[in-house]
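[1] fold the stuff below for me.
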Amino acid sequence: MQSKVRTPHHPEAAHGRGAPSANVSTRFGLPVRKVDGDWRDHMESLDGPPVKLRTHVTEEHPKTILSFNNSPDVPFDRSINAYRGCEHGCVYCYARPTHAYHDLSPGLDFEAQLFAKPGAADLLRKTLSKSGYRPAPIALGTNTDPYQPIEKRYEITKQILEVCLDARHPVTITTKSNRLLRDADLLKEMARRKLVAVAISVTTLDAKLSGKLEPRCTSPAKRIEALGKLVELGVPVHCSISPIIPAITDEFMEGIIEAAAAVGVKSANWIPLRLPHEVAPLFREWLAVHYPDRASKVMSIVRSIRGGKDNDPDFFTRMKPQGVWADMFRARFRIACKRAGVGHGRTAPSFELNCAKFRPPEIGGQMRLF
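    Alright, predicted model coming up:
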């Protein structure tokens, strides 16, 4: 009996998910997982199509929690990822290829096979208490969203913020969720001490389009509302219009800036679509499912701003596309910000945060020495 790789290709095969298929990686020479296609087809003929794909969370216990980088085009040198994989299911997510390291697909596995680090706060407390540690803002949400749906259950991000508040250690947060408002009291107190800045990413103002692009994210309207509530709390906020997808989401650029300005946001930026590794074929597949009428146009523009390729991985240019389309997006963004009275040009919330009040946290109940 011949085996075959079974790859769902209809949106119904992954209802409520962003990736149209598993998109198994072969970059690391991993064996392609196979299923008995004839057996599966026979079972479906008896029982009907597979049930809705469920999220599975694996708890992991790493030895370290801070990740350091020396990338010259990002405004932070350390970050924490409380979760691996992201249930938001953004089809364009540049972090999807990281799942391939675990022999999991950057497609549906990235959205449904998640990892949580429940000991993250304790690890962070131990790290910050080391005698040689020197504080600098910790970035949360640089890989996967710290406020994705499973945060409601695990509260790992909340615990991390509690440690940072106790240690007077600054953090930046990037999210697509209004779930962070659950931690409003923490954020308000951290803001009062200049310990936090928040960026909320808004891709579109069309809820239906958002449901296709990022099916388990907070709706665009609620993200705008969350920006306004953070402003009221005194939390420094930043609206990131990211990613800009040519001929799909770019039409909403001006509207997002206007909506953000209306709730008091004074800082914004835009980031072009990035399609590293397995994200490119996943996105092409998504276009074929949802926008077959303009798929070739979208990819033609993407390649025109990326030097003729689907993706540009090089430092600096990966964030700064080239060509007439890129120039047009920049001009539109600049004009819209000027009209709305919004500052622009930042790639992340880079408000002044205070490292001077840092104090190593208590460990095991031992009181601080004064």
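[2] so what's G141 closest to, chain neighbours aside?
    T174 (3.6 Å; Cβ to Cβ, 6 or more residues apart in numbering). The C-beta positions use only the backbone N, C-alpha and C, and glycine is treated the same way.
[3] help me confirm that the one you found is found in a strand?
    Yes: counting by DSSP: H, G, I helix; E, B strand; the rest coil, T174 is found in a strand.
[4] tell me the contacts of it?
    Counting by Cβ atoms under 8 Å, 6 or more residues apart in numbering, T174 makes contact with 139-142, 145-146, 198-201, 240, 348-349.
[5] and the least confident of those residues?
    Lowest pLDDT of these: A348, 47.
[6] quick revisit: how close does the residue nearest to G141 sit to K194?
    Separation of T174 from K194 (Cβ to Cβ, to the nearest Å): 18 Å.
[7] ok, R125 touching I363?
    Yes: counting by Cβ atoms under 8 Å, I363 is a contact partner of R125 at 6.5 Å.
[8] any chance you could map the strands in this structure?
    56-59, 67-68, 78-80, 83-84, 113-116, 138-140, 171-175, 196-201, 237-244, 267-272, 343-344 (DSSP state E).
[9] please point out which parts of the fifth one sit buried.
    By that I understand strand 113-116. Counting neighbours by 16 or more other Cβ atoms under 10 Å, one finds that the buried residues in strand 113-116 are 113-116.
[10] check which residues of the helix ranked longest in the chain are buried.
    For the chain, the longest helix by residue count, based on DSSP state H, is helix 324-340. Neighbour-count burial for helix 324-340, counted by 16+ other Cβ under 10 Å, picks out 325-326, 329, 332-333, 336-337, 340.
[11] so which elements touch it?
    Other elements packing on helix 324-340 under the criterion 3 or more Cβ pairs under 8 Å, 6 or more residues apart in numbering; DSSP states H and E are helix 253-262, strand 267-272, helix 295-305, strand 343-344.
[12] buried residues in the third one?
    In other words, helix 295-305. 295, 298-299, 301-302, 304-305.
[13] S210: which of the residues you listed is nearest?
    Distance to S210 across the buried residues of helix 295-305 (Cβ to Cβ) is lowest for V298, with 17.0 Å.
[14] OK, contacts around the closest one?
    Applying Cβ under 8 Å, 6+ apart, the residues contacting V298 are 245-248, 287, 291.
[15] thinking again about what came up before, which one's more surrounded, R125 and I363?
    R125 (22 against 12; other Cβ atoms under 10 Å).
[16] check contacts around the more buried one.
    Neighbour list for R125: 163, 167, 361-363 [criterion: Cβ under 8 Å, 6+ apart].
[17] return the distance of it relative to S267.
    Using Cβ to Cβ, R125 is found at 31 Å from S267.
[18] just the CA atoms of stretch 113-127, as PDB, please.
    The C-alpha coordinates for stretch 113-127 follow below in PDB (Å, rounded to 0.1, in the frame of the first residue of the first chain):
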ATOM      1  CA  GLN A 113       1.200  22.700  18.900                       C
ATOM      2  CA  LEU A 114       2.200  25.300  21.500                       C
ATOM      3  CA  PHE A 115       4.900  25.400  24.200                       C
ATOM      4  CA  ALA A 116       4.500  27.300  27.500                       C
ATOM      5  CA  LYS A 117       7.200  28.100  30.000                       C
ATOM      6  CA  PRO A 118       5.500  28.200  33.400                       C
ATOM      7  CA  GLY A 119       8.700  28.700  35.300                       C
ATOM      8  CA  ALA A 120       9.700  31.800  33.300                       C
ATOM      9  CA  ALA A 121       9.100  34.300  36.100                       C
ATOM     10  CA  ASP A 122      11.300  32.300  38.600                       C
ATOM     11  CA  LEU A 123      14.000  31.900  36.000                       C
ATOM     12  CA  LEU A 124      13.900  35.700  35.400                       C
ATOM     13  CA  ARG A 125      14.100  36.400  39.100                       C
ATOM     14  CA  LYS A 126      17.200  34.300  39.400                       C
ATOM     15  CA  THR A 127      18.800  35.900  36.400                       C
END
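[19] quick check, distance from stretch 221-238 to the centre of its chain.
    Its chain's C-alpha centre and that of stretch 221-238 lie 18 Å apart, by Cα atoms, centre = their mean, to the nearest Å.
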